[in-house]
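Visitor: Sequence and predicted model, in that order:
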Amino acid sequence: MENFLFGAAYYDEYMPYDRLEQDIAMMKEANINVVRIAESTWSTLEIREGEYNFYHIDRVIDAMEKANIDVIIGTPTYAIPSWLAKKDKDILARTKNGDGLYGGRQNMDITNKTFLYYAEKIIRVLIEHTANRKGVIGFQIDNETKHYGTAGTHVQQLFKEYLIEKFDTVEALNKEFGFSYWSNSIGSWDDLPDVRGTINASYACEFEKFQRQLVSEYLAWQASIVREYKREDQFITHNLDFEWKKFGASIAQDGYSYGVQPDVNHYEAAKCLTIAGTDIYHMTQDELTGAEIAFGGDLIRSLKQDNYLVLETEAQAFKNWVPYPGQLRLQAFSHIASGAIGVMYWNWHSIHNSYETYWKGLLSHDLKSNPTYEESKVIGRELKELKNELMHIKKINKVAVLVSNEALTSLKWFPIDKDLTYNDVVRWMYDSLYKLNIECDVIFTESDDFEQYETIIVPALYSVSETVLNRLLQFVKNGGALIASFKTGVSDEHVTVYHDDQPHILNECFGVTYNQFVEPKNVTISGIAPDKDTNIKYWMELLKPNNAEVMASYNHKYWGNYAAITKNSYGKGKAIYIGCYTSEEVLQEVYKLAFKEYNLGHNIQKERWPIIIRKGIGKDGKQLYFYMNYSSDEREVICPYDKVIDLLSGDTYKVGERIFLKDWDVRILKEAD
């Protein structure tokens with residue numbers, strides 16, 4: 001891929017009138033060079049079984065080729081036509097909430113043979129029809145795929161076969177899952193209970209792991225079909241998304257991309273892709289911090305340790321997402337600073353009816369120019385001018401945040417607190433790094449190489465195998481720095497609590513144990529950051545140091561003899577254990593002390609959020625520094641580099657000189673000769 005992809009989803013099928021030529025003219029004005037089509041329109045492509053209509057596909061590809069705008073084709077399998085739903089009563093997913101009803105999207109059983117038969121047909125017909133087109137540069141398989149809670153008879157039969165292969169005997173399963181509790185033990189495989197009614201966390205969490213495996217297999221199946229037709233120069237991608245932070249009844253308008261996706265193992269799902277892709281939505285206006293852009297980008301980039309595509313992000317969307325002047329541009333360069341080589345908006349136009357009517361695109365319902373579209377023209381011009389500088393930026397980070405689908409699932413069963421989820425802890429530890437301008441990768445417990453990092457941050461790794469724990473122990477022994485939070489090393493991979501000293505295995509490197517935990521009430525900590533907010537909430541473990549040095553203790557009449565945060569030397573490395581939930585300010589102080597003591601000071605920038613600094617290496621080997629102002633106020637920073645040039649303005653700076661950033665502004669500084 002030679003050009004940075006800047007574009008939007010485009011649905012000719014949804015337009016209130018024929019305006020393709022006018023849309024293309026406006027796209028060219030904005031230097032948009034790619035559109036994504038087809039992923040939502042199976043019923044238009046095949047209105048009746050076997051009756052294919054490629055009118056909209058062909059006319060868009062023809063027009064885009066003529067305009068030199070590339071096209072990404074999406075397989076249209078995530079929203080089925082009504083005739084298909086009537087083919088088989090089991091096509092719609094049966095979940096813990098009952099039988100599915102037709103009308104929405106993403107409501108099918110992705111293992112159903114009837115669905116798969118017709119899905120394969122439409123995939124083959126569509127890809128064969130479009131793969132030879134010059135302007136088609138790649139394919140997106142499905143759309144934000146998940147398992148949709150599918151748990152019908154067929155899925156549970158597949159799960160039974162999975163359990164038989166994994167455990168061999170019912171006796172082994174009974175023991176591993178603790179089925180003796182409340183008479184859940186089974187005498188034969190045919191006695192397996194309906195998983196939707198289980199009270200056994202081991203059984204339920206294993207089923208969710210199995211459901212995530214179904215997603216990976218389903219995407220790999222689609223990718224294998226596409227590979228039969230695609231050219232060597234065409235890519236396969238998918239728009240992986242995240243758990244949403246939900247505030248109100250409407251997840252669309254009251255939520256945003258937040259944390260690790262519970263219904264997909266991104267690490268496994270991405271294996272079938274030639275380039276990872278993602279959808280990232282975030283708060284805007286006064287709530288724009290850039291943290292969601294950074295977190296999502298760091299996680300998706302780390303899946304393949306390579307550049308990635310942002311296949312969907314917001315343009316205007318809702319009333320609380322309409323960007324202030326400068327924010328759309330800042331957001332675009334924030335994606336690039338994390339390693340994106342494509343930024344695409346959902347969507348080009350605002351839809352005039354149905355469910356997403358008020359999820360507005362670059363154009364509003366009048367389909368005319370507006371301030372957001374006008375700002376996209378600035379972005380498009382700058383990306384076109386800087387494509388040789390911004391393509392394939394290489395990111396090399398020595399810090400990683402370690403995440404786990406198994407820990408997420410198990411902590412749904414055994415919550416830390418009603419107001420503190422696994423992803424809250426992930427974002428607490430990630431965001432504190434982000435605001436200190438300590439860049440990191442986001443890796444999974446399945447990731448191959450821990451040793452490429454100097455520091456690994458571990459949020460609430462509750463359910464984890466001894467294999468992973470021993471890898472982390474060896475990481476510290478070999479010289480790495482490990483910083484872990486409470487609720488780490490508690491249970492095995494089947495959610496059975498380890499019956500020795502906690503944190504299991506890692507107490508050896510942390511030099512600390514505990515066997516009691518309490519809810520903090522009117523508790524502060526002392527020994528660290530006395531000028532910060534030292535209140536703790538939600539959770540506290542009563543830590544008993546063995547060899548560890550106490551960094552912070554509890555201020556409390558009865559809990560004051562216990563440690564709150566400890567550090568320890570082990571082998572050639574260091575290990576910090578944080579036994580309570582602190583303010584971000586305190587956690588940042590822990591990070592700063594750790595990075596200074598462990599000689600990782602090169603990761604610590606003088607500047608703090610709202611000035612965010614992200615760095616990377618350009619194609620020519622020169623260092624790039626993205627300086628971004630996430631603030632409505634003008635900011636001033638002092639240049640720390642010998643000599644740099646701002647790629648956006650052409651201004652040059654030397655060490656000690658002042659650099660001004662307007663509100664919501666960005667500078668891209670490049671090492672100069």
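Guide: Received the coordinates, thanks.

Visitor: Residue 587 and residue 430 touch, don't they?
Guide: No - using C-beta atoms under 8 Å, residue 587 is not in contact with residue 430, being 10.6 Å away. The way it works is simple: take the backbone N, C-alpha and C, and place the C-beta from them, glycine included.

Visitor: which stretches of this protein have low pLDDT?
Guide: By pLDDT under 70, the weakly predicted segments of the chain are 247-254, 600-603.

Visitor: domain ranges for it?
Guide: What automatic domain parsing lists as the domains of the chain is 238-390, 399-599, 611-671.

Visitor: Rebuild those domains as TSV, extending it with distance to residue 17.
Guide: As requested, the domains of the chain are exported to TSV (distance: least, C-beta to C-beta, whole Å):
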stretch	distance to residue 17
domain 238-390	9
domain 399-599	43
domain 611-671	35
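
Visitor: Rebuild those domains as a markdown table, extending it with distance to residue 82 and mean neighbour count.
Guide: Formatted as a markdown table, the domains of the chain follow (distance: least, C-beta to C-beta, whole Å; neighbours: other C-beta atoms under 10 Å):
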| stretch | distance to residue 82 | mean neighbour count |
| --- | --- | --- |
| domain 238-390 | 14 | 20 |
| domain 399-599 | 34 | 20 |
| domain 611-671 | 45 | 17 |
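
Visitor: Those domains: which one's closest to residue 187?
Guide: Proximity to residue 187, assessed across these by C-beta to C-beta, is greatest for domain 399-599 (20.2 Å).

Visitor: Need the distance between the two termini of the closest one.
Guide: This stretch, domain 399-599, spans 13 Å end to end (C-alpha to C-alpha, to the nearest Å).

Visitor: Distance from it to the middle of the chain?
Guide: Remark: domain 399-599 is offset 21 Å from the chain centroid, using C-alpha atoms, centre = their mean, to the nearest Å.

Visitor: Likewise for stretch 166-173?
Guide: 34 Å.

Visitor: So what touches it?
Guide: With contacts defined as C-beta atoms under 8 Å, 6 or more residues apart in numbering, stretch 166-173 is touched by 163, 176, 179, 186-189, 191.

Visitor: doesn't residue 258 make contact with residue 427?
Guide: Yes - counting by C-beta under 8 Å, residue 427 does reach residue 258; the two are 6.8 Å apart.

Visitor: about what we covered before: nearest to residue 53, out of the domains of the chain?
Guide: Checking these against residue 53 by C-beta to C-beta gives domain 238-390 as the closest, at 19.9 Å.

Visitor: Turn the contacts of stretch 166-173 into a markdown table, including distance to residue 611, secondary structure and neighbour count.
Guide: Shown next, in a markdown table, are the contacts of stretch 166-173 (distance: C-beta to C-beta, whole Å; DSSP: H, G, I helix; E, B strand; the rest coil; neighbours: other C-beta atoms under 10 Å):
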| residue | distance to residue 611 | secondary structure | neighbour count |
| --- | --- | --- | --- |
| 163 | 52 | helix | 21 |
| 176 | 51 | helix | 19 |
| 179 | 55 | coil | 20 |
| 186 | 59 | coil | 15 |
| 187 | 64 | coil | 9 |
| 188 | 64 | coil | 7 |
| 189 | 59 | helix | 14 |
| 191 | 61 | helix | 10 |
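
Visitor: just to revisit the earlier point, among the domains of the chain, which comes closest to residue 109?
Guide: With C-beta to C-beta, the closest approach to residue 109 among those belongs to domain 238-390: 14.1 Å.

Visitor: how close does the spatially closest residue to residue 32 that is not a sequence neighbour sit to residue 68?
Guide: Distances taken as C-beta to C-beta, 6 or more residues apart in numbering place residue 7 nearest to residue 32, at 4.9 Å, with adjacent residues excluded. According to C-beta to C-beta, to the nearest Å, residue 7 and residue 68 sit 12 Å apart.

Visitor: surely residue 304 meets residue 272?
Guide: No - contact criterion C-beta under 8 Å: residue 304 and residue 272 do not qualify, at 11.3 Å.

Visitor: what residues does stretch 462-477 touch?
Guide: Here stretch 462-477 makes contact (C-beta under 8 Å, 6+ apart) with 205, 404, 406-407, 409-411, 414, 422, 445, 450-451, 456, 458, 461, 482, 487-495, 504-506, 508-509, 570-575.

Visitor: joint contacts of residue 7 and residue 68?
Guide: Common contact partners of residue 7 and residue 68 (C-beta under 8 Å, 6+ apart): residue 33.

Visitor: Between those two, point out the one with more neighbours.
Guide: residue 7 (26 against 9; other C-beta atoms under 10 Å).

Visitor: and the most centrally placed residue in the chain, what element?
Guide: Centrality entry for the chain: nearest residue to the mean C-alpha point is residue 296, 4.1 Å, by C-alpha atoms, centre = their mean. If you go by DSSP states H and E, residue 296 is part of helix 291-304.

Visitor: That helix packs against which elements?
Guide: Helices and strands touching helix 291-304, by 3 or more C-beta pairs under 8 Å, 6 or more residues apart in numbering; DSSP states H and E, are strand 255-259, helix 266-269, strand 277-280, strand 308-314, helix 327-337, strand 399-403, helix 422-435, strand 441-444.

Visitor: mind checking which of these is nearest residue 112?
Guide: helix 266-269 (19.5 Å).

Visitor: And the contacts of the closest one?
Guide: Contacts of helix 266-269 (C-beta under 8 Å, 6+ apart): 145, 212-213, 215-216, 219, 238, 240, 260, 299-300, 303, 444, 446-447.

Visitor: do the same with stretch 270-280
Guide: Applying C-beta under 8 Å, 6+ apart, the contact partners of stretch 270-280 are 138, 140-141, 144, 216, 219-220, 223-224, 235-242, 257, 292-293, 296-297, 300-301, 303-304, 306-313, 335, 346.

Visitor: now do stretch 23-37
Guide: Contact with stretch 23-37 is made by 3, 5-12, 57, 60-61, 63-64, 67-74, 137, 140, 311, 342, 344, 348-349, 362-363, 369, 373, 376-377, 379-381, 383-384, as judged by C-beta under 8 Å, 6+ apart.

Visitor: Could you check how far the lengthiest helix in the chain is from the centre of its chain?
Guide: Longest helix in the chain, counting residues (DSSP state H): helix 201-227. Relative to its parent chain, helix 201-227 has a centroid offset of 17 Å by C-alpha atoms, centre = their mean.

Visitor: tell me what the following helix or strand past that helix is packed against?
Guide: Using DSSP H and E, the helix or strand that follows helix 201-227 in sequence is strand 235-237. Judged by 3+ C-beta pairs under 8 Å, 6+ apart, strand 235-237 is in contact with strand 136-140, helix 201-227.

Visitor: Throw those into a markdown table and include distance to residue 154 and mean neighbour count, thanks.
Guide: Shown next, in a markdown table, are the helices and strands packed on strand 235-237 (distance: least, C-beta to C-beta, whole Å; neighbours: other C-beta under 10 Å):
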| stretch | distance to residue 154 | mean neighbour count |
| --- | --- | --- |
| strand 136-140 | 27 | 24 |
| helix 201-227 | 11 | 20 |
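
Visitor: picking up where we left off before, what about the helix holding residue 296, distance to the chain center?
Guide: Relative to the chain's own centre, helix 291-304 is displaced by 6 Å; criterion: C-alpha atoms, centre = their mean.

Visitor: what angle separates it from strand 308-314?
Guide: 150 degrees (axes from the mean of the first three to the mean of the last three C-alpha atoms, to 10 degrees).

Visitor: Report the angle between helix 291-304 and strand 399-403.
Guide: Comparing the axes of helix 291-304 and strand 399-403 via the same axes, to 10 degrees yields an angle of 90 degrees.

Visitor: Take the contacts of stretch 462-477 and keep only those in strands.
Guide: Judged by DSSP state E, strands contain the following of these: 456, 458, 482, 570, 573-575.

Visitor: This completes my enquiry, with thanks.
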